[in-house]
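J.: how does the following fold in three dimensions:
(chains A and B)
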Protein chains: 2
Amino acid sequence: MKPRTLWMQSTSCFICSSIPGPTLLKQMEIRRDMSELLSWSKQDGDPFKSTEQGDGGCSTNDFSIVHGKDLLPAENGEELTKHFLQELLNILLAYIRKSMNRSSKVLDFHHPHQLKEGLEGFSLELPEKPDNLEQLLVDCRNTLKYGVKTAHPRFLNQLSSGLDIIGLAGEWLTSTANTNIFTFEVAPVFILMEEVILKKMQSIIGWSEEEGDGIFCPGGTISNLYSILLARYHYFPKVKTEGMQALPRLALFTSTHSHYSIKKSAAVLGIGTDSVIAVNCDERGKMIPAELESSIMAAKAKGLVPFYVNATAGTTVYGAFDPFTDVANICEKWNLWMHIDAAWGGGLLLSKKHKIRLQGIEKASSVTWNPHKMMGAPLQCSTILVRQKGLLEACNKQCAEYLFQSDKPYDMSYDTGDKTIQCGRHVDVFKLWLMWKAKGSEGFESQINHCLENAEYLYYKLKSRQDFQLVFQSKPEHSNVCFWYMPSRVRNMSTGPDRDRELHSITPKIKAKLMEKGTAMIGYQPLGEKPNFFRCVFSNPATLKQDVDFLLDEIASLGSGL
Amino acid sequence: MKPRTLWMQSTSCFICSSIPGPTLLKQMEIRRDMSELLSWSKQDGDPFKSTEQGDGGCSTNDFSIVHGKDLLPAENGEELTKHFLQELLNILLAYIRKSMNRSSKVLDFHHPHQLKEGLEGFSLELPEKPDNLEQLLVDCRNTLKYGVKTAHPRFLNQLSSGLDIIGLAGEWLTSTANTNIFTFEVAPVFILMEEVILKKMQSIIGWSEEEGDGIFCPGGTISNLYSILLARYHYFPKVKTEGMQALPRLALFTSTHSHYSIKKSAAVLGIGTDSVIAVNCDERGKMIPAELESSIMAAKAKGLVPFYVNATAGTTVYGAFDPFTDVANICEKWNLWMHIDAAWGGGLLLSKKHKIRLQGIEKASSVTWNPHKMMGAPLQCSTILVRQKGLLEACNKQCAEYLFQSDKPYDMSYDTGDKTIQCGRHVDVFKLWLMWKAKGSEGFESQINHCLENAEYLYYKLKSRQDFQLVFQSKPEHSNVCFWYMPSRVRNMSTGPDRDRELHSITPKIKAKLMEKGTAMIGYQPLGEKPNFFRCVFSNPATLKQDVDFLLDEIASLGSGL
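T.: Here you go, the predicted structure:
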């Protein structure tokens, strides 16, 4: 073996993530590779080596006899740190490659008790004494092996999927910078990036330069929680000091198809879920404006005080868009806060072709928009955008003097942490900022159009097949497509409760078979009176029409005998 | 240049993060290196290359003419993906090395307007068209260059500091796996790791096998919010549906030295900050039990219903520990929920020497414990631990059928997502799990003992110097040490408002000078009637006694003329 091929050898020795545990052979390979790699870098000099440590450095050539404590900041820990992170990179590269390869499984399913019992030497238990670095690298491989490849083109299970390499690079840098985004003092660049991106998103929504505020949140449910919190404070500012007891009994409105986070937030905020009034939808899953208005009037008649309406841009299951202009008119008439939960649908604003679905969004008082869904940013990346400037801060600030001192040497309006309901906050902006640089707005547009083309393709495929049935007939507005698989036995039944009962039990059985086989993942659920049906969603640009074809054939193959 | 040294060359070409923008020379270097690296890997074969793509692969040798869209999942994107992430690794390694090097600055301070105006070609603006990969790598370097090196041994500004390489590896893997930890279905391994770690933490607290529940949260403020939410639901379960209006007027208690998250949470939860009753502390910052009891009685006399007490293990500024056994007795007597905010102090449970500070913690109804503080896990890593099993789920569940289906093929008690106030949740457990494997419990112990030794060293240093004065005289209980710097002019003043006014203005001036010079970062604040003083905290194992010496000399040097 020539020395110059050594780092490639080192790559290959970790590539085979199908080997579950450290075999003796494996350990010997690793030792040999590391030994040669390290002796080589010593002979030839290594520009990464610290000038401070002279000819010292890590003297080991074997990951099985070194430990975490030997890495930086340990004296002479630079070499080992470099080689350890290099090996980790090799493992991650191999995983990325495998995740995006259609011939790999999406998952290697094991039941909880199987994983807990320790599959082939993969023990989750926490030791008293340190494990060596070799064992840790094996643990990393196993963690990936028994996980779910959300970047796989046939992972269609969740609204967030895929793996954007630039976004990933952004996350790696973020975790290396390891700072909290609460003050300019400790996160100067990230704080400014938040400002730039939030302004961009506000301008895309259509708010003027004078309007607009916002913050990144740990997920869309928290973003939606903010919207209710802000609306309540806007109408009843004394709630901050005096609590809900100083307020009349409130009512808030959201459609039957909307996300459960509205109810969850009402419980957290002390409003209570009984105050959340579900507004009926049409067959397509869109809120019916007349139903909203009659619900408002009914609530008022009961002595409740309506203050907030949540409309949805891209419902979780059907991908429906509420009629925002109509809802906005009703909110204006009754002086209500209009929130739009565009966690899933917000991305469509970047597509000239599809942004029409969000017409009227500029009338909203607040918007939830999750770039980790349709825009493909790594998890988590969610925003709450607020039309009225200053409200976030007024609502949430507590002026902690150890953090938000008033005598700092810079413009303290950049200490944005007191706008939030958190204190320390993870930096979620950088990955999105870097992705935006990498794609430009037009790159997001073509990615989103591609996902919606997949949905349309699936829709027409389903229409053309006898063994599948659409849950509703109209063309998809977003990338959600809902359908049943109908084995011939069921196809021959007449519609009614008996057939529904069959469909309700067949759908999860097919899902379980798919998971066991590991060839694809897709979600399902009942909704209203509809028995369990599949919901396919596309947000991964890696997914192609061939994957759509594969999915339907696979479902049919696994389900035909049921 | 011999081919076998090429990847080291590639490392060196990105190492010099002091070069702020792409110069022509720099671009030429990068092109040459990449050209040689790629031609070499093509000649010699590359085990990472997909067998599917045959001899195809990335045909470019220049990052300036390739873009994000050329990376995976692009056809033939494997080579480029590997080389791009390799370059990123080189940048990050160089940054890590620099961060841990005492001869580097902690920060390179610029005002917000300077950064926004675009320092040396570093523009934050978002383009319509994509930037090339070379520009993105330059942006990554600049982002790090203008940030704050929180891993630097002289970054003493925040309760979270340092960079644990194993924890970092855990974060990189987590972001590569890119999944949500709400169901076993999409996060099987991570869900089980949460169970293992939460149980371990509960057993360290001293709860029995039959007791204990918990969840990872986005930061300690949200963990504390959970504690109040759970206490409220425990005593008044109807609050979930009926809201605060169905409840009597509540009162909760926390010390004057406690974290502001208690007030912030009371505002969010609709309880109102007026219901938060501040209990007086002794000179050392510890809650006075008799004051707690009289506050409870006074609240009851006013018709309020006390339900919750927050005691703190390691206050933010003084690092004080409340007297938990006394507080627990009072809580038992009055039937109150006892929460312990051990966000900062929880780590001391892992030290045989220091865990005595937390005596009585097993009596708590809930505990906040942030491994991202004293245990050195990367941000964020925070937990809420709850003694009563099942309460988290009962309080928060909404049973969304699209996510938490009741007919899944595995043990659905592992779908822990409905315990939380979020929906999607970032995986914060893996880095901690991997660190625990790497250090063992004993590794955390020695790391924590080391940090507290630094604090004791600083304490004795301050006592021995004329130009510094301790804010309180007793030895540190945690790693916080609070002090004033006294230039000779002030030393000669008699104590009183005039001297206080001087100290109040001198402290931030020294802090500003430190930031400008970039040699160290340390926090300051006023507290009660004490004028602005420095708070030094140690949580970075890289910090040594020489850094303590440096800090005091540097403050004295910058402050002597003030």
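J.: so what are the domain limits for chain A?
T.: As assigned by automatic domain parsing, chain A contains the domains A:3-149, A:189-389, A:437-559.
J.: what is the burial count for the closest residue to A:Ala246 other than its chain neighbours?
T.: Spatially, and ignoring its direct neighbours in sequence, A:Ala246 is nearest to A:Lys238 (5.3 Å; CB to CB, 6 or more residues apart in numbering or on different chains). No exception for glycine: its C-beta is placed from N, CA and C like everyone else's. The number of residues packed near A:Lys238 is 12, by other CB atoms under 10 Å in any protein chain shown.
J.: wait, A:Lys238 touches A:Pro248, no?
T.: No - checked against CB atoms under 8 Å, the pair A:Lys238 and A:Pro248 is beyond contact range at 11.9 Å.
J.: quick check: phi and psi on the residue nearest to A:Ala246?
T.: Note on A:Lys238: backbone dihedrals following degrees, to the nearest 10 are phi -70, psi -10.
J.: what helices or strands is the helix ranked longest in chain A leaning on?
T.: The residue-count maximum for a helix in chain A (DSSP state H) belongs to helix A:429-464. Helix A:429-464 sits against helix A:165-177, helix A:188-205, strand A:468-470, strand A:481-485, helix A:545-559, helix B:133-145, with contacts defined as 3 or more CB pairs under 8 Å, 6 or more residues apart in numbering or on different chains; DSSP states H and E.
J.: so what's A:Phe109 closest to, chain neighbours aside?
T.: Computed as CB to CB, 6+ apart, the closest residue to A:Phe109 that is not its neighbour in sequence is A:Met515, at 5.0 Å.
J.: next one: the one you found from A:Leu503, what distance?
T.: According to CB to CB, to the nearest Å, A:Met515 and A:Leu503 sit 19 Å apart.
J.: repeat for A:Leu358
T.: Distance, A:Leu358 to A:Leu503, using CB to CB: 33 Å.
J.: can you tell me which residues contact the closest residue to A:Lys363 other than its chain neighbours?
T.: Among residues not flanking A:Lys363 along the chain, A:Ala328 sits closest, at 3.7 Å (CB to CB, 6+ apart). Contact analysis of A:Ala328 by CB atoms under 8 Å, 6 or more residues apart in numbering or on different chains lists A:338, A:360, A:363-364.
J.: what's the per-residue pLDDT of A:Ala328 here?
T.: Note for A:Ala328: predicted pLDDT of 98.
J.: mind checking the SS state of it?
T.: Assigned by DSSP: H, G, I helix; E, B strand; the rest coil, the conformation of A:Ala328 is helix.
J.: strands along chain A, start to end?
T.: Using DSSP state E, the strands of chain A run over A:155-156, A:213-217, A:250-255, A:276-279, A:305-312, A:337-341, A:366-369, A:382-386, A:468-470, A:481-485, A:521-527, A:530-536.
J.: which of the contacts of A:Ala328 sit farthest apart?
T.: Using CB to CB, these reach their maximum pairwise distance at A:Met338 and A:Gly360, which is 9.3 Å.
J.: can you name the residues that contact A:Ile421?
T.: A:Ile421 touches A:222, A:225-226, A:229, A:396, B:221-222, B:225, B:264-265, B:268, counting by CB under 8 Å, 6+ apart.
J.: name the nearest residue to A:Thr536, ignoring sequence neighbours.
T.: Slight slip there: residue A:536 is Cys, not Thr. In space, A:Cys536 is closest to A:Val481, 4.8 Å off (CB to CB, 6+ apart).
J.: fine by me, thanks again.
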